[in-house]
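J.: build the 3D model from these lines:
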Amino acid sequence: MTALYDVVVKHRYIEGGDIAVMEFESATAQPLPKVEAGAHIDVHLPNGMIRQYSLCQDPAKKGVFRLGILKDPASRGGSVSAFDDIQNGMQIQVSEPRNLFPLVQAKHTVLIGGGIGITPLITMAYELLHQGALFELHYCGSSPERCAFVNEIRNGELAAFTRFHFKSEGASHREFFQSAIKDLDRQSHIYTCGPSGFMDWVINLAQTQNFPEQQIHKEYFQVDTDTSGEAFEVMAQRSGKIVLVNAEETILQALAREGVEIEMSCEQGVCGTCMCDVIEGEPDHRDVYFTDEEKASNEQILVCCSRSKSARLVLDI
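T.: Residues are numbered from 1 along each chain as shown. Reported below is the predicted structural model:
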């Protein structure tokens with residue numbers, strides 16, 4: 001079970017027009033744990049939802065969790081509640097940090113963030129700075145006025161390692177990287193986070209330049225996943241129930257309909273909260289959480305978005 005912390009919002013302000021930057025401190029005598037580069041926390045929002053947000057801070061600063069949350073116009077309720085409802089002085093609950101996007105030691109590290117996707121990369125940049133490692137940070141966006149943390153980066157320790165690619169200033173990240181990637185050391189590790197289309201372009205570019213998969217690191221914060229398909233059966237072995245998953249519903253929804261409750265959060269195949277062990281059958285993986293190797297093993301499935309290639313799946317639930 002993931003540990004929860006009672007925190008108080010100590011400092012909240014707006015950057016870029018629609019990005020809420022907020023710092024949490026412990027509301028009790030229990031100190032907040034150390035922050036790792038690439039980690040995120042679950043935030044229990046005032047509207048009852050639970051959403052994951054990347055920690056965005058110098059990990060050397062102890063006792064604080066800092067987030068940057070974009071109020072997404074396509075929000076399903078999470079970012080709107082985070083932006084509108086969380087205010088200074090409010091007490092909420094958050095989880096201990098979890099890390100699905102860890103830094104690995106490398107000869108050279110390239111961090112490429114698009115828009116609000118810069119958040120986990122800032123923590124990575126600070127960590128690499130403290131290590132004395134060789135790295136570069138690239139911040140891509142529409143304009144500095146629409147982005148967060150620009151002044152902090154421009155006027156701080158990360159400035160010498162950062163290149164900004166803002167369209168309003170005439171920059172084109174695509175033109176830049178199509179040329180620059182040819183000169184990168186082939187032992188470099190590339191990290192990217194941002195909108196799905198932006199990330200897919202960066203990943204494809206790295207792949208066409210023959211960077212190995214293990215040197216391309218990514219974290220999606222929102223994906224458009226098609227969860228529809230042919231109907232199939234799921235047997236919840238421990239619960240003793242056989243459930244029909246209809247063409248337009250997810251395994252998660254079908255199980256809930258029959259009273260089998262699974263812990264869930266993002267509902268997009270990003271966070272891994274709804275992971276279940278597969279006993280029999282062949283999953284149709286539609287998540288961005290598992291690696292290709294993990295998907296090929298068919299040992300586990302995310303029931304919020306994935307389906308089945310076989311007529312029946314037997315799950316250990």
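
J.: I'd say I190 and P212 touch.
T.: No: contact between I190 and P212 fails when scored by C-beta atoms under 8 Å: they sit 10.4 Å apart. C-beta coordinates here come from the backbone N, C-alpha and C atoms, glycine included.

J.: could you list the low-confidence segments of the protein?
T.: The model of the chain has pLDDT under 70 over residues 1, 74-75, 222-225.

J.: what about the longest strand in it?
T.: strand 4-15 (DSSP state E).

J.: more neighbours: which of I190 and P212?
T.: Neighbour totals were compared for I190 and P212, and I190 leads with 23 against 11 (other C-beta atoms under 10 Å).

J.: mind listing what Q30 touches?
T.: By C-beta atoms under 8 Å, 6 or more residues apart in numbering, the residues touching Q30 are 5-6.

J.: again, 10 Å this time
T.: 3, 5-6 (C-beta atoms under 10 Å, 6 or more residues apart in numbering).

J.: what of K61?
T.: 23, 35, 126.

J.: sort out for me which of the residues you listed are in helices.
T.: Y126 (DSSP state H).

J.: of the contacts of K61, closest to N99?
T.: Of all these, N99 sits closest to V35, with 9.7 Å by C-beta to C-beta.

J.: any idea how many residues pack against that closest one?
T.: 25.

J.: how much space separates the closest residue to it other than its chain neighbours from A125?
T.: Counting by C-beta to C-beta, 6 or more residues apart in numbering, V35 lies nearest to P59, which is 4.4 Å off, once chain neighbours are set aside. Plainly put, P59 is 10 Å away from A125 if you go by C-beta to C-beta, to the nearest Å.

J.: mutual contacts of the two, please.
T.: Going by C-beta under 10 Å, 6+ apart, residues that sit against P59 and also against A125 are A37.

J.: sorry, back to before: the longest strand of the chain pairs with which strands?
T.: strand 19-26 (antiparallel), strand 91-95 (antiparallel) (DSSP bridges).

J.: export that strand as CSV, just CAs?
T.: Taking C-alpha atoms only, strand 4-15 is exported to CSV below (Å, rounded to 0.1, in the frame of the first residue of the first chain):
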residue,chain,number,x,y,z
LEU,A,4,0.0,8.8,2.3
TYR,A,5,1.1,12.2,3.7
ASP,A,6,-1.0,15.0,5.0
VAL,A,7,0.4,18.2,3.5
VAL,A,8,-0.4,21.9,3.5
VAL,A,9,-0.1,24.2,0.5
LYS,A,10,2.5,26.7,1.6
HIS,A,11,3.1,28.6,-1.6
ARG,A,12,0.9,28.7,-4.7
TYR,A,13,1.1,31.0,-7.6
ILE,A,14,0.3,31.1,-11.4
GLU,A,15,2.9,31.2,-14.2
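
J.: what about the strands in the stretch 201-317 of the chain?
T.: Counting by DSSP state E, counting those that start in this stretch, the stretch 201-317 of the chain has strands at residues 216-219, 232-236, 241-245, 275-280, 283-284, 300-302, 307-308, 312-315.

J.: which residues in the stretch 1-150 of the chain form strands?
T.: 4-15, 19-26, 40-44, 50-54, 65-70, 91-95, 109-114, 135-141.

J.: picking that back up, show me which positions of the longest strand of the chain end up buried.
T.: Residues of strand 4-15 classed as buried: 5, 7, 9, 12, 15 (neighbour count, 16 or more other C-beta atoms under 10 Å).

J.: same deal with stretch 142-155?
T.: In stretch 142-155, counting by 16+ other C-beta under 10 Å, buried: 144, 146-150, 152-153.

J.: pull the CA atoms of it into PDB?
T.: In PDB, the C-alpha atoms belonging to stretch 142-155 read as follows (Å, rounded to 0.1, in the frame of the first residue of the first chain):
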ATOM      1  CA  SER A 142       4.900  28.400 -27.900                       C
ATOM      2  CA  SER A 143       6.300  31.400 -25.900                       C
ATOM      3  CA  PRO A 144       8.000  32.200 -22.600                       C
ATOM      4  CA  GLU A 145       4.800  34.000 -21.500                       C
ATOM      5  CA  ARG A 146       2.900  30.800 -21.800                       C
ATOM      6  CA  CYS A 147       5.400  28.600 -20.000                       C
ATOM      7  CA  ALA A 148       6.400  28.100 -16.400                       C
ATOM      8  CA  PHE A 149       9.800  28.100 -14.700                       C
ATOM      9  CA  VAL A 150      11.300  30.200 -17.500                       C
ATOM     10  CA  ASN A 151      12.700  32.900 -15.200                       C
ATOM     11  CA  GLU A 152      14.000  30.400 -12.700                       C
ATOM     12  CA  ILE A 153      15.900  28.600 -15.400                       C
ATOM     13  CA  ARG A 154      17.200  31.700 -17.200                       C
ATOM     14  CA  ASN A 155      18.400  33.400 -14.000                       C
END
